[in-house]
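>>> A predicted structure for the sequence below; I have some questions about it.
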Amino acid sequence: MEKKLYRAALMFFTAMLLLSILWPYEQKLQHWELEPNYLVKESDEIFFNNTRIHQYRTEERAELAQQGFKVHRYLKCTYDTTQPLLNFTIINSWRTDQAYIIAEPNARHYFADTVHIALGDSMATLSLDHMDFADHYRLAAWVFQNALDYRRAFIVQGRDSLLLNGTQSNEKANQAVLKDYFRLVGRYQ
């Protein structure tokens, strides 16, 4: 009797192992078409703080802490360069359990005017001075969705174009930020 029970348990665990190998979990976008939702579940915040926070430089100035904000900037992102680029930054409002994503330019004077961004077959006009959190969210979602399909974003200047994130390594760093953010707000699981 014990041999049959042992054999059945062994077959069950072997089948589960084979299923997990042959049919792996595939991360996917959740409720992507809905309006931006900035709420952060406690479990997602714990996951971020325990596994991902060491990849970020957290800014906690007195005036930010008084309002309940923490700013997380990815350590591998390029911030000083001669060509214009955008980096994404996570802003955590811990008092209201919300997180926001913003696009930060390295050359603010370049992005003071309207900038055109090409991604795949579509174009977008970007004016950072007139964007709110929802606009930053939509930009980040647009870039992230296309990055999952291996499409790159470019800043278009007449006939010239520059990579939106400057370099390929900075592009990968920004994709990591976007993945962390959308996992934090529960849109990428």
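Here it is on my side, so go on. Numbering: from 1, shown residues only.

>>> I figured L119 was touching A141, is that so?
No - using CB atoms under 8 Å, L119 is not in contact with A141; the gap is 11.6 Å. Quick note: C-beta positions are derived from backbone N, CA and C, even for glycine.

>>> Which helix or strand lies directly C-terminal to the one helix or strand in the chain whose mean pLDDT sits lowest?
When each helix and strand of the chain is scored by mean pLDDT, DSSP states H and E, helix 62-67 comes last, with a mean of 81. Going down the chain from helix 62-67, the next helix or strand is strand 69-74, by DSSP states H and E.

>>> any idea how far K179 is from the residue nearest to L86 when sequence neighbours are not counted?
Spatial nearest neighbour of L86, chain neighbours left out: A103 (4.7 Å); criterion: CB to CB, 6 or more residues apart in numbering. From A103 across to K179, the span is 16 Å (CB to CB, to the nearest Å).

>>> These two: which has the busier surroundings?
Using other CB atoms under 10 Å, the more surrounded residue of A103 and K179 is A103, with 19 against 16.

>>> can I assume that one sits in a helix?
No - A103: not assigned to a helix; according to DSSP: H, G, I helix; E, B strand; the rest coil it is strand.

>>> Buried residues, the least confident helix or strand of the chain. List them.
Judged by neighbour count using 16 or more other CB atoms under 10 Å, helix 62-67 contains no buried positions.
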